[in-house]
Structure formats: structure tokens, C-alpha cells
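Trainee: this is a predicted model, with the sequence first.
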Amino acid sequence: MKFNIATILAPAAIALFMAACNSGTGTSEKKADSTAAVTIKEEAVDIQADSVTLKSIVAYSDDTTAKKPIVLIVPEWWGLDDYVKGRAKQLAELGYFALGIDMYGNGKVAENPELAGKYATPFYTDPQLGKSRLEAALAKAKTFPGVDTTRIAAIGYCFGGSMVLNGAKLGLPVNGVVSFHGGLKGVPPVKELLKAQILVCHGAADSLVPHADVVLFRKQLDSLSIPYTFKEYANATHAFTNPAATEKGKKFNLPIVYNAAADTASFKDMQAFFAQIFK
């Protein structure tokens, strides 16, 4: 299934939309509960997909008392960087088995918007490519001991949000997907294919995802009676979850700013969504 990129993002907006995805840091190695410290393990993992190796990472706790739900994480358009690794550890501390995906393959990380655009564009022109990489990562995650293969989610940021939404619409076999400030144009939904519940975390002040895209996205799902949850956060721009967004916005003259309140609220909304889909 091929799509011209013009049908997904207007050419004039592509560079702005994808450049809005930023890298950040912030991790924690241990989590203490009321009884004992839980150590978080992080491992590099190679995943074969198409003709490339996805140089990905996994993070999980050494707590073996319960099966861990799988959470796939699709990065922003920069690739698998410290921001995603930090999110993986954060999820591991909550008891999930997190897998951060090297979507581009061979460990490629973009250092500038031009290179990032080059890496990301094939996934917009061929949505099946993103789905195939997600499926390869999911298959790998299922091989780890201690995971719960019946409870699976995929989340994504910016570019990654677009990828998990497209994956869901194309039939990705997961319980749910969460898009954080992701693009909302993409493949049209087909009710018979869609297996995942959907949560969209969207900045109300996101000028890089036009209101018309929001309207169309919701209309398409509503017209097919497909359930979803759409959360908007006041005063939140594109890339609102990333602490590096403000600096990147200034550097590239983009309308993006980190919003701590929206970051916290959207993460809590994701946790509530997980509680619902993992019952």
C-alpha cells in the first residue's frame, strides 16, 4: 500500500512537523517501594527487519513476581535517543517491559532536521514500512521471559505517534496505542482491521497539527463507530512532552515549547488508559 507524502502532510508543513520532534534526557536506575528496591535493567537488542538491523533497547525490572505487559516505544524523528531511553526506564519502573525501537535501522540517529527528514520520509510514503518494523519489534519482545504476551501497547512521540496510529489502523495486534503530539493524517481507518484501542494526547495549541486534521481524524473514526479517547491539553504546543522542546524550538525557529503540566497530565492519562486496556 503506497501513499504519496502529500496525502499525509502538506509539503510546506513536513519540515516543520518533523523538526518539532526533539531529543531529551532524564532516567532513573532504581525504584523503591514500601518493601524493597527494584533494579531496572537496560539491554541492547538487535531486531532483524527487512534488510536492516534495528539496534533497539529494552528496559525492565528484576521483579519476577508478575508477568510484565509489553510497551513498544516509537521515537521522535531524531531516532532512538536518550529521550526514548529515559521513557523506557520510566515505564520499566512502573512494571512494564519497555522496548524502544530503532525504527530507521542500523542505529541511525539524525543530528539535524535535513537528515531526520530523509530518514522519516519513507515511513510516510509507505505506512506498511512502519507497521512491519513494529511487528518485528513485537515479535522480539515476545521472546523475553517474564513478559505477558496478552497485554501489549505501542506508544509514540511526534513521528512515533503517527507510526503507532497508522499501525493500529493497519491491524497491528496490540491492545492499545497512544500518540503523544503525533500527526493525525495517515491511512484511513478500516474497522475490520483495527484491533487496538486508541488514545490521542494532543496539544490544544499545536499549530503543526492543524485543527482541520483533528476534525478529519475524529470524523473518520466516528463515521465507523470506532471508539477512541482524545485528550487535549491547554496551552500545549507540539512536542510538549519533551524537556528539550523549548531549546530546539528556539534553535530551529519552531512553535514548540515543553509544557510540564501537559507532560504530567498526558503521562497520567496514558497510565489510566493502560489500566483500562490491560484489565
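Mentor: Everything's here; your move.
Trainee: for the lengthiest helix in the chain, buried residues please.
Mentor: Ordering each helix of the chain by length in residues (DSSP state H) puts helix 260-277 first. Residues of helix 260-277 classed as buried by neighbour count (16 or more other Cβ atoms under 10 Å): Ala262, Asp263, Ala265, Ser266, Phe267, Asp269, Met270, Phe273, Phe274, Ile277. For glycine as for every other residue, the C-beta is placed from the backbone atoms N, C-alpha and C.
Trainee: where does pLDDT dip in the stretch 101-250 of the chain?
Mentor: Residue ranges of the stretch 101-250 of the chain with pLDDT under 70: none are present.
Trainee: do a quick rundown of the strands in it.
Mentor: 147-157, 176-180, 197-203, 229-233 (DSSP state E, counting those that start in this stretch).
Trainee: give the burial count for the closest residue to Gly183 other than its chain neighbours, as a bare number.
Mentor: Excluding its sequence neighbours, the residue lying closest to Gly183 (Cβ to Cβ, 6 or more residues apart in numbering) is Ser162, at 4.2 Å. Here the count is done by other Cβ atoms under 10 Å, and Ser162 has 30 residues near it.
Trainee: ok, the longest strand belonging to the chain: who's next to it in the sheet?
Mentor: Ranked by residue count and defined by DSSP state E, the top strand of the chain is strand 37-49. Paired with strand 37-49 in the same sheet, following DSSP bridges, are strand 30-32 (antiparallel), strand 52-61 (antiparallel).
Trainee: and Thr229, which of those strands is closest to it?
Mentor: strand 52-61 (25.7 Å; Cβ to Cβ).
Trainee: next one: the helix or strand following that closest one to chain centre, how far?
Mentor: Note on strand 52-61: by DSSP states H and E, the next helix or strand toward the C-terminus is strand 68-74. A distance of 10 Å separates the C-alpha centroid of strand 68-74 from that of its chain, computed with Cα atoms, centre = their mean, to the nearest Å.
Trainee: for strand 68-74, which strands pair with it and how are they oriented?
Mentor: strand 97-100 (parallel), strand 147-157 (parallel).
Trainee: mind listing the helices for the stretch 101-250 of the chain?
Mentor: 113-125, 127-141, 159-169, 211-223, 245-252 (DSSP state H, counting those that start in this stretch).
Trainee: nearest to Gln48, out of those?
Mentor: Of the helices of the stretch 101-250 of the chain, the one closest to Gln48 (Cβ to Cβ) turns out to be helix 127-141, at 6.9 Å.
Trainee: pull out the buried residues from that closest one.
Mentor: Buried-residue list, helix 127-141, by 16+ other Cβ under 10 Å: Pro127, Leu129, Gly130, Lys131, Arg133, Leu134, Glu135, Ala136, Ala137, Leu138, Lys140, Ala141.
Trainee: hang on, isn't the fifth one packed against Thr53?
Mentor: Right, Arg133. No: using Cβ atoms under 8 Å as the test, Arg133 is too far from Thr53 to be in contact (11.4 Å).
Trainee: between these two, which contacts overlap?
Mentor: Gly105 (Cβ atoms under 8 Å, 6 or more residues apart in numbering).
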